[in-house]
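Visitor: please find the sequence and the predicted model below.
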Number of protein chains: 2
Amino acid sequence: MNGAEGLIRTLLSGDVEVCFTNPGTSEMHIVAALDQFPEMRCILGLFEGVVTAAADGYARMTDKPACTLLHLGPGLANGVANLHNARRAQVPIVNLVGQHASYHLRHDTPLTSDIESIARSCSTWVRTSWTASQVSCDAIDAIAAARTAPGRIATLIVPADVAWSEGGTVAGMPLVSRPPIPANEIIEQAAKLLHSGIRTGLLLSGNALYGRGLAVAGGIAAATGAQLLAPYPFARMERGARAPRVDRINYAHDQAVEQLKEFRQLLLIGAVIPISYFAAPGKNAMLVSPECRIHTLARPGEDYVGALEALEGALSLGKTPAHSRKLQRPQVPVGQISLPGLAAAVAAHLPEGAIVVDESMTSGRGMMAAAQDGPPHDWLANTGGSIGIALPLAVGAAVACPDRRILCLSADGSGMYTAQALWTMAREGLKVTTVIFANRVYGVLKREFSYLGVGDPGPCARDLFEIGRPDLDWVHLAKGMGIPGTSVSSLEDFAKALKNGFESEGPILIEVKL
Amino acid sequence: MNGAEGLIRTLLSGDVEVCFTNPGTSEMHIVAALDQFPEMRCILGLFEGVVTAAADGYARMTDKPACTLLHLGPGLANGVANLHNARRAQVPIVNLVGQHASYHLRHDTPLTSDIESIARSCSTWVRTSWTASQVSCDAIDAIAAARTAPGRIATLIVPADVAWSEGGTVAGMPLVSRPPIPANEIIEQAAKLLHSGIRTGLLLSGNALYGRGLAVAGGIAAATGAQLLAPYPFARMERGARAPRVDRINYAHDQAVEQLKEFRQLLLIGAVIPISYFAAPGKNAMLVSPECRIHTLARPGEDYVGALEALEGALSLGKTPAHSRKLQRPQVPVGQISLPGLAAAVAAHLPEGAIVVDESMTSGRGMMAAAQDGPPHDWLANTGGSIGIALPLAVGAAVACPDRRILCLSADGSGMYTAQALWTMAREGLKVTTVIFANRVYGVLKREFSYLGVGDPGPCARDLFEIGRPDLDWVHLAKGMGIPGTSVSSLEDFAKALKNGFESEGPILIEVKL
């Protein structure tokens, strides 16, 4: 057995079942090993930013890592922006990065670069394997690192001679340590704060935003009058009328300050103190009131669900009450395209169990509110602020959940970053309905330019914000990558296209011209 | 004057006239400063891999740096793969990378990352400016670093508060030190080797491959019987019947060994000893014969032209002789598409003064030979082995040389990496004719898989090499980005489309289905 075969068999025994990849020459022996194990599903992306965001989407929906297989430093570098987003999402991913044969490195041939440095910028764990017998143990360590709560990026660099040399082994199961539950005093302090009757927010992150964690948090909120909040950049939120209501903190500084000003206590469960994305001259970046007391119930990496359960116990709430609201959908809107109309249409037609991947930026602000009381669904957001995540994140979510419908909402500027994901959707026959909001502008920048007090944009600034001239034609782009597309110019057309997408056996794209 | 204005005025006074960019919120004050100075031409890319390769193409054709303006760590990371290629091309580029306001960094908000680490992986010079009064001096240092021979990547990180704070200054001109000419003994030793009559190659790099450098090298070769060689990954080569003939070393290991086996002496002018791109089991990576004596005439960073002139002097050659060969073009080929036919068609129609950007990979191997004795033209190649350079490199070359025709030859797999460049070509009305060789396969990988002795690709490997299913439709992709495209299925059609492209006032795309 060579190192590559040992590596793949070890990954499989460590419950890594999907490999998103764009391999190159230095990874050929790993590809040959993948050929031997069809139980590892291999999915090709035509660009590494697709590969890494797909692994992120997969992890968000399965709570376990996929692996990526990337070509040396440049292949990894192409995936860094979406690994940055994945790092902020705190999901588990195991990156395998090829490397020159160890003895070839000294020649500094053209593709040589400092892979470990690039990897460190977006990974918690980085290691290079130097022997075929060691690579499987390193893979186990990588899986264990990735699965360490709340979820981490682990990058294992595999020189070609390590892959092709005999001496491979299959290492045992990774030992993943359980995340610690916060100390009793922390829990009791939180219970005391909640008993105080002071206006309190529970700011939730990670797995406190879905499943058991959200159910317990919802029970605590219902019993104490506290409000559930999520950071603007959350990884995954369970939603719909049957789920506890969670309010997302606004992106825009002034609106977030307004939203949070009533709170005098904030309990952090895996989240950090709310701060503006960016500083602005003369603005305080802190979004909560100076009078707000911050209490960290569970730090990132602690057991959020365990902390919430302990808090529930300390509050003596007994059985978690149900939190259903009445399932209601907006009326199907008609007429001209408008942002509220689009939001209502999405909410009116969203299938039960849908996964909404949302990078709609300035065009989709009303979407979450409109779907609040709809059927059960999950919502995935951009976590690291690096645009170009939605389309490939949808790929990963669809691979993770083949029985669920994926609605991918993307701004046109963001969509152009990793549009290659459309091809992977087509190849894999993924049930993704992609909506492109074609407003032909980097809307955030236009707004921020004015917010920052820089004055009115002149010709150069306008040229850099406006992405028309020429207009992108997303129907052609989709067709070029094997996906049927349609452009809609009324809410009726939009609704029809959405329904068509949700009934389709494969991906479709809807361009909404704004 | 704020820091941003001082920065832009300093760049302009340092002869940096073009800014390729995709800015974000943290760069808004720099954008506002750009708005004030229309003499800095700003060109938007819809993805940072476009931005950085465009700066590379511009530098290759002007021998001076453009600047890029990139959005924080992720924006830079998206540009790293093509900065890796630019670093290997040894061209000057000044990257400006935005950063959070200095006092905001401690909050570790979502877009925070270790920008300096990412920058170091692809830059020779990295610095963060911390005050508005310092940023202009830092910019001067960046320009000087970028212009230090043979050309370097300099990355200046500019926190938002440095850009928006008053106290900006305009710094003086950069002091660029002249590259050193090698010592006399080195020159004389080289002259002695050339006088020996032993079969000798002059392996040229950087500016020894065009202009004065190539002319002198050609004179030396003609007088001594030495042969001019270029590394497989060269940045720019002047070609055509009037230019000295330079043979490019083959990419494929066995062919390169065959090509170089006759040489018993190799003089390196800015180049390094020829080594295989990748190691392979049981193969010696060294491409020259073990009996070949290597003499470094000019190390990277020394004065290649000066070294060649000194060598010319030491050889007492007197006036450099002319090296014209008879200008000849292949006959216009007809009939079915074939790789030799495509090469002949390109050579038959190549306009005088054309710039050929070549990332045609396995499909374009015959192109250089076919155009060898044609009209004067320049040839630009992929220097770092990271695919996805051709389309944006063509953007940069076209911006640098608006009066010349650009022929961009790209494989389909490579083209998909940075296809967004088509949009910038359309917006800027660049005279680029892009030819996509649509063979629907990562041909290099298919070949390497077999070369590495891994056996026959199985279903998984084939899926990862073959990028059909679905087929990409480049005519639709081009149309989606505002470029007229055509798909050709005969050599007559190809010739017609080429002629049409070379006469067009803007970009066109030709898909060649193989």
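Guide: Looks like it arrived, so ask away.

Visitor: so A:Gly6: helix, strand or coil?
Guide: helix (DSSP: H, G, I helix; E, B strand; the rest coil).

Visitor: list the contacts of it.
Guide: A:Ala132, A:Ser133, A:Val135, A:Ser136, A:Gly168, A:Thr169, A:Val170, A:Ala171 (CB atoms under 8 Å, 6 or more residues apart in numbering or on different chains). Quick note: C-beta positions are derived from backbone N, CA and C, even for glycine.

Visitor: can you narrow those to ones near chain B?
Guide: Applying CB under 8 Å from any CB of the partner chain to those, one finds that nothing falls near chain B.

Visitor: tell me the contacts of A:Asn382?
Guide: A:Asn382 is in contact with A:Asn85, A:Pro233, A:Asp358, A:Glu359, A:Ile389, A:Ala390, counting by CB under 8 Å, 6+ apart.

Visitor: my error: substitute A:Ser165 in the last question.
Guide: Counting by CB under 8 Å, 6+ apart, A:Ser165 has contacts A:Asn2, A:Gly3, A:Thr131, A:Ala132.

Visitor: go ahead and confirm the second one touches A:Pro159.
Guide: No: with contact defined as CB atoms under 8 Å, A:Gly3 does not count as touching A:Pro159 (9.1 Å).

Visitor: more neighbours: these two, which one.
Guide: Set A:Gly3 next to A:Pro159 and count neighbours by other CB atoms under 10 Å in any protein chain shown: A:Gly3 wins out with 29 against 25.

Visitor: skip the chain neighbours and tell me the closest residue to that one.
Guide: A:Ala132 (3.2 Å; CB to CB, 6 or more residues apart in numbering or on different chains).

Visitor: so what does that neighbour look like in phi/psi?
Guide: Note on A:Ala132: its backbone torsions stand at phi -60, psi -30 [degrees, to the nearest 10].

Visitor: count of residues packed around it?
Guide: Count around A:Ala132 with other CB under 10 Å applied: 25.

Visitor: pop the domain breakdown of chain A in here.
Guide: Annotated domains of chain A cover A:3-164, A:184-314, A:339-513 [automatic domain parsing].

Visitor: what about the shortest one, near chain B?
Guide: Yes: contact between domain A:184-314 and chain B is present through A:Pro233, A:Val272, A:Ile275, A:Ser276, A:Tyr277, A:Phe278, A:Ala279, A:Pro281, A:Ala285 (criterion: CB under 8 Å from any CB).

Visitor: quick check: end-to-end length of stretch A:9-23?
Guide: 18 Å (CA to CA, to the nearest Å).

Visitor: ok now that stretch, how far from the chain's centre?
Guide: 20 Å (CA atoms, centre = their mean, to the nearest Å).

Visitor: repeat that for stretch A:154-170.
Guide: Counting by CA atoms, centre = their mean, stretch A:154-170 comes out at 29 Å from the chain centroid.

Visitor: how about the residues of domain A:184-314 next to chain B in CSV, adding secondary structure and neighbour count?
Guide: Below are those laid out as CSV (DSSP: H, G, I helix; E, B strand; the rest coil; neighbours: other CB atoms under 10 Å in any protein chain shown):
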residue, secondary structure, neighbour count
A:Pro233, coil, 21
A:Val272, coil, 16
A:Ile275, strand, 21
A:Ser276, coil, 21
A:Tyr277, coil, 24
A:Phe278, coil, 25
A:Ala279, coil, 26
A:Pro281, coil, 13
A:Ala285, coil, 18
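
Visitor: just put those in JSON lines and tack on pLDDT.
Guide: Below are those laid out as JSON lines (pLDDT from 0 to 100):
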{"residue": "A:Pro233", "pLDDT": "97"}
{"residue": "A:Val272", "pLDDT": "96"}
{"residue": "A:Ile275", "pLDDT": "97"}
{"residue": "A:Ser276", "pLDDT": "96"}
{"residue": "A:Tyr277", "pLDDT": "94"}
{"residue": "A:Phe278", "pLDDT": "95"}
{"residue": "A:Ala279", "pLDDT": "95"}
{"residue": "A:Pro281", "pLDDT": "93"}
{"residue": "A:Ala285", "pLDDT": "95"}
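
Visitor: picking up where we left off before, can you tell me which of the domains of chain A is packed in deepest?
Guide: Among these, domain A:3-164 has the highest mean neighbour count (mean count of other CB atoms under 10 Å in any protein chain shown), at a mean of 25.

Visitor: quick check, nearest of the contacts of A:Gly6 to chain B?
Guide: Minimum distance to chain B across the contacts of A:Gly6 is 12.4 Å, recorded for A:Ala132 (CB to the nearest CB).

Visitor: I'd say that closest one and A:Val158 touch.
Guide: No: taking CB under 8 Å as the definition, A:Ala132 is not a contact partner of A:Val158, at 9.8 Å.

Visitor: which residues do those two both contact?
Guide: Joint contacts of A:Ala132 and A:Val158 (CB under 8 Å, 6+ apart) are A:Gly3.

Visitor: which residues touch stretch A:451-465?
Guide: A:252-253, A:280-281, A:441-442, A:445-446, A:449-450, B:21, B:23, B:25, B:28-29, B:31-32, B:34-36, B:38, B:42, B:44, B:164.

Visitor: and if you look at stretch A:294-304?
Guide: A:90, A:148-150, A:178-182, A:186-187, A:189-190, A:193, A:202, A:204-208, A:213, A:265-270, A:272-273, A:288, A:307-308, A:311.

Visitor: out of the residues you listed, name the ones that lie in helices.
Guide: The helices, defined by DSSP state H, take in A:Ile186, A:Ile187, A:Gln189, A:Ala190, A:Leu193, A:Gly213, A:Ala307, A:Leu308, A:Leu311 from these.

Visitor: in JSON lines: those, plus pLDDT.
Guide: Output for the ones in helices among the contacts of stretch A:294-304, formatted as JSON lines (pLDDT from 0 to 100):
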{"residue": "A:Ile186", "pLDDT": "98"}
{"residue": "A:Ile187", "pLDDT": "98"}
{"residue": "A:Gln189", "pLDDT": "97"}
{"residue": "A:Ala190", "pLDDT": "98"}
{"residue": "A:Leu193", "pLDDT": "97"}
{"residue": "A:Gly213", "pLDDT": "97"}
{"residue": "A:Ala307", "pLDDT": "98"}
{"residue": "A:Leu308", "pLDDT": "98"}
{"residue": "A:Leu311", "pLDDT": "98"}
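
Visitor: any low-confidence regions in the stretch 251-400 of chain A?
Guide: Within the stretch 251-400 of chain A, the segments meeting pLDDT under 70 span A:319-323.

Visitor: and the helices in it?
Guide: A:253-260, A:304-314, A:339-349, A:367-371, A:390-400 (DSSP state H, counting those that start in this stretch).

Visitor: again, but for the stretch 51-200 of chain A
Guide: A:72-89, A:115-120, A:135-147, A:160-164, A:184-195.

Visitor: and if you look at the stretch 401-514 of chain A?
Guide: A:412-415, A:421-428, A:443-451, A:459-465, A:474-480, A:491-503.

Visitor: how about residues contacting stretch A:261-271?
Guide: A:90, A:150, A:190, A:193-194, A:196, A:198-206, A:208, A:217, A:226-227, A:229-231, A:273-274, A:288-289, A:291-300, A:302, A:304, A:307-308.

Visitor: mind listing which of those are in strands?
Guide: A:200-204, A:227, A:229-230, A:293-298 (DSSP state E).

Visitor: list just the nearest of those to B:Leu491.
Guide: A:Ala230 (60.0 Å; CB to CB).

Visitor: and the gap between the closest one and A:Ala438?
Guide: 28 Å (CB to CB, to the nearest Å).

Visitor: ok, now A:Gly374?
Guide: Here A:Gly374 is placed at a distance of 25 Å from A:Ala438 (CB to CB).
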